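[1] Let me see the structure of the following:
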Amino acid sequence: MIEASRGGATRARILLLIREEPLNVNQLARKLGLNYRSVLHHINVLLRNGLIVRVGEGYGSPFILSREAEEHWDIVYESICRILGGEEC
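    Below is the predicted model:
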């Protein structure tokens, strides 16, 4: 899912960031140097694919890795490293 798309590198970086700490869309946008709408799009893709979950409700709610992503982190991380080409792995 992350590897087969143009936005894969951005989604990979989002996964790495929220594995370190829960972050909301604005925080992610700042850390990634992207606009809010772009990050929101990537968040929605990750949500639909079950890789992340929202903690709480409403604007400003942070995201964390889903239980499944945590349980299979070795596979997810391997995919991230292929996408980023070792940049952040």
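
[2] Quick check: chain neighbours aside, which residue is closest to residue 19?
    Once flanking residues are discounted, residue 19 sits nearest to residue 65: 5.6 Å by CB to CB, 6 or more residues apart in numbering. Just so you know, the C-beta spots here come from the backbone N, C-alpha and C atoms, and that holds for glycine as well.

[3] Ramachandran coordinates for that neighbour?
    When quoted as degrees, to the nearest 10, the phi and psi of residue 65 stand at phi -70, psi 150.

[4] Also residue 61?
    The phi/psi pair for residue 61 (degrees, to the nearest 10) reads phi -70, psi 130.

[5] Against residue 86, how distant is the closest residue to it other than its chain neighbours?
    Closest residue in space to residue 61, ignoring its immediate chain neighbours: residue 54 at 5.1 Å, by CB to CB, 6+ apart. Residue 54 is 30 Å from residue 86, where distance means CB to CB, to the nearest Å.

[6] So those two - more neighbours on which side?
    residue 54 (14 against 7; other CB atoms under 10 Å).
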